[in-house]
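Student: Got a predicted model here, sequence first, then my questions.
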Amino acid sequence: MRVLIADKLLATTADRLRAAGCEVIVDPGLSGAALGDALNEGAFQVLVVRSTKVPSEVLACGRMLGLIVRAGAGVNTIDVAAASAAGIYIANCPGKNSLAVAELTIGLLVSLDRRIPDAVSDLREGAWKKGEYSKARGLAGRTLGVVGAGRIGMAVARQARGLGMKVSIWNRSEGRRASVEAEGFTFEPDLLVLASTCDAITIHLASTKETRGIASPAFFEALAEGAYFINTSRGDLVDEEALRRALQSKGVRAALDVFQGEGKGGVDTVDVPLLAEPNVIATPHIGASTLQAQEAVADEVVRIVTDYALTGGVPNVVNVVARSPASHVLIVRHLNRVGVLSHVFSALKDAEINVQETENIVFDGGRACIARIAIDSAPDVAVLDRVHAGCADVLDLHLVARSEA
């Protein structure tokens, strides 16, 4: 299996994939049309990316491509709809960088309170301002609001509790209320109430059409005077103009690892006016970038690719429906002989009935099977008669509605 790694990952990732029998090419400089050309010319079956964007134009070039692995959690840099339309699996590595992001979040929180970056900068300039930097509020007993009860959000909550903080958590769905409360945290169902009642608030959500801009003007208007705001998730979750107004009018302090106008690659220049605000500290999108996290991601990439190569299965696949929209299931009990299922499928095809899922269960001894065929509409009696009577190896069949199967 030919694998293209189009991003910087640990060198051991490629070495371990080669040891597993894969042919691996590593070219972290590929992007855009060059990436599409490489996929086309190299006939790669697997593409591994981290930050590299994979738009529909690139996907159209990957005639042999069957799997894209995102060496991280979010898949917003990949055109998921285009990949799904082309029958290309997308898999991610969820939870492998959770602790790394949580640790940076806590570091930024402490830095906001103690103004560590400013103090270091002044000392490097030879300025001793002990009086100025002795005015921290302290975090113990304060309330941290966590937006998102996923792996990272919960990891942040646990670490904040270690600082003696109270933690209140909002989530888009109340489905995680029980698990949040089981750990002793407060579940707050109203985002604006969370914003108005916390001393500090941190966002941990994936970027989706539902979450983009969730830190809205109303959100920042609800923040308490002098609150701390942290974003280590995605820049497009935040209305940055609304954040700027809160910085200037409400004394809000912000720590950002992600923002609009980020640089590219390992070395670049940026021109982001928001970062010049005196109440802002920032890091260059390094939340997931610890050696521990990279090793964990490498392990998961290797597991996904090797499983795909050996079994055709894809762990952590994100673009396959859990249950097809089939309306009925045709259950066929048959002898385990060549051509039986071909006969069934031919009858369905002639009736213009689409097969959406198939499971063929073999009985002990290998002489008989039961096929469960999920289809998008119910065949009439004539089609069923053709299936049953047209092949002596079909022992029995019956049709059930999907809800009853």
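Tutor: Good, I have the coordinates.
Student: For the stretch 251-400 of the chain, which segments count as strands?
Tutor: Per DSSP state E, counting those that start in this stretch, the stretch 251-400 of the chain carries strands over the ranges 253-256, 280-282, 328-335, 355-362, 368-375, 394-401.
Student: same question, the stretch 1-150 of the chain
Tutor: Going by DSSP E, counting those that start in this stretch, the stretch 1-150 of the chain shows strands at 2-5, 23-26, 46-49, 67-70, 89-91, 143-147.
Student: mind checking pLDDT for Ala326?
Tutor: Ala326 is assigned 84 on the pLDDT scale.
Student: which non-adjacent residue is nearest it?
Tutor: With sequence-adjacent residues excluded and distances taken as C-beta to C-beta, 6 or more residues apart in numbering, Ala326 is closest to Ala374, at 3.6 Å. In this view, the C-beta of every residue, glycine as well, is placed from N, C-alpha and C.
Student: CA atoms of stretch 59-74 as PDB?
Tutor: Presented in PDB, the C-alpha positions along stretch 59-74 are these (Å, rounded to 0.1, in the frame of the first residue of the first chain):
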ATOM      1  CA  LEU A  59      -9.300  15.000  -3.900                       C
ATOM      2  CA  ALA A  60     -10.300  14.900  -7.600                       C
ATOM      3  CA  CYS A  61      -6.700  14.100  -8.400                       C
ATOM      4  CA  GLY A  62      -6.500  11.100  -6.100                       C
ATOM      5  CA  ARG A  63      -7.800   8.400  -8.400                       C
ATOM      6  CA  MET A  64      -6.400   5.600  -6.200                       C
ATOM      7  CA  LEU A  65      -7.000   7.400  -2.900                       C
ATOM      8  CA  GLY A  66      -9.100   5.500  -0.400                       C
ATOM      9  CA  LEU A  67      -8.200   6.900   3.000                       C
ATOM     10  CA  ILE A  68      -7.200  10.300   4.400                       C
ATOM     11  CA  VAL A  69      -5.800  10.300   8.000                       C
ATOM     12  CA  ARG A  70      -5.800  13.500   9.900                       C
ATOM     13  CA  ALA A  71      -3.000  13.400  12.400                       C
ATOM     14  CA  GLY A  72      -5.100  15.200  15.000                       C
ATOM     15  CA  ALA A  73      -8.700  15.500  16.100                       C
ATOM     16  CA  GLY A  74     -10.500  18.100  13.800                       C
END
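Student: before we move on, the earlier item: want to throw the strands of the stretch 1-150 of the chain into CSV with mean neighbour count and mean pLDDT?
Tutor: Formatted as CSV, those follow (neighbours: other C-beta atoms under 10 Å; pLDDT from 0 to 100):
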stretch, mean neighbour count, mean pLDDT
strand 2-5, 23, 97
strand 23-26, 16, 96
strand 46-49, 27, 98
strand 67-70, 26, 97
strand 89-91, 23, 97
strand 143-147, 26, 98
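Student: Give me the residue at the spatial middle of this protein.
Tutor: With distances taken as C-alpha atoms, centre = their mean, the residue of the chain nearest its centroid is Gly74 (2.9 Å).
Student: Would you mind measuring from it to His398?
Tutor: Counting by C-beta to C-beta, to the nearest Å, the gap from Gly74 to His398 is 44 Å.
Student: buried residues in stretch 193-210?
Tutor: Of the residues in stretch 193-210, 194-207 count as buried by neighbour count, 16 or more other C-beta atoms under 10 Å.
Student: Let me know the closest of those residues to His285.
Tutor: Distance to His285, by C-beta to C-beta, is smallest for Ser207 among those, at 13.2 Å.
Student: where does the stretch 1-150 of the chain have low pLDDT?
Tutor: Across the stretch 1-150 of the chain, nothing is flagged by pLDDT under 70.
Student: Gly153 contacts Gln159, doesn't it?
Tutor: No: counting by C-beta atoms under 8 Å, Gly153 sits too far from Gln159 to count as a contact (11.1 Å).
Student: neighbour-wise, which of these two wins?
Tutor: Gly153 (28 against 19; other C-beta atoms under 10 Å).
Student: Turn the strands of the stretch 251-400 of the chain into a markdown table, columns for distance to Gly107 and mean neighbour count.
Tutor: What follows is these, written out as a markdown table (distance: least, C-beta to C-beta, whole Å; neighbours: other C-beta atoms under 10 Å):
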| stretch | distance to Gly107 | mean neighbour count |
| --- | --- | --- |
| strand 253-256 | 9 | 24 |
| strand 280-282 | 10 | 20 |
| strand 328-335 | 53 | 19 |
| strand 355-362 | 47 | 13 |
| strand 368-375 | 50 | 19 |
| strand 394-401 | 55 | 14 |
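Student: Adding distance to Trp170, write those out as a markdown table.
Tutor: What follows is the strands of the stretch 251-400 of the chain, written out as a markdown table (distance: least, C-beta to C-beta, whole Å):
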| stretch | distance to Trp170 |
| --- | --- |
| strand 253-256 | 18 |
| strand 280-282 | 23 |
| strand 328-335 | 40 |
| strand 355-362 | 37 |
| strand 368-375 | 38 |
| strand 394-401 | 39 |
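Student: Nearest to Ala296, out of these?
Tutor: Closest approach to Ala296 among these (C-beta to C-beta): strand 253-256, 24.4 Å.
Student: Show me what the closest one is packed against.
Tutor: helix 98-114, strand 228-231, helix 240-250, strand 280-282 (3 or more C-beta pairs under 8 Å, 6 or more residues apart in numbering; DSSP states H and E).
Student: what's the angle between the first one and strand 143-147?
Tutor: To tie it back to what came earlier, the one meant is helix 98-114. Put simply, helix 98-114 runs at 140 degrees to strand 143-147, going by axes from the mean of the first three to the mean of the last three C-alpha atoms, to 10 degrees.
Student: List the contacts of helix 98-114.
Tutor: With C-beta atoms under 8 Å, 6 or more residues apart in numbering as the test, helix 98-114 has contacts from 116-117, 133, 136-139, 144, 151-152, 155-156, 158-160, 163, 200, 202, 204, 228, 230, 232, 253-255, 257, 281, 283, 286-290, 292-293.
Student: buried ones in it?
Tutor: For helix 98-114, by 16+ other C-beta under 10 Å, it's 98-109, 111-114.
Student: about what we covered before: rebuild the strands of the stretch 1-150 of the chain as TSV, extending it with distance to Arg212.
Tutor: Shown next, in TSV, are the strands of the stretch 1-150 of the chain (distance: least, C-beta to C-beta, whole Å):
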stretch	distance to Arg212
strand 2-5	29
strand 23-26	33
strand 46-49	21
strand 67-70	19
strand 89-91	20
strand 143-147	13
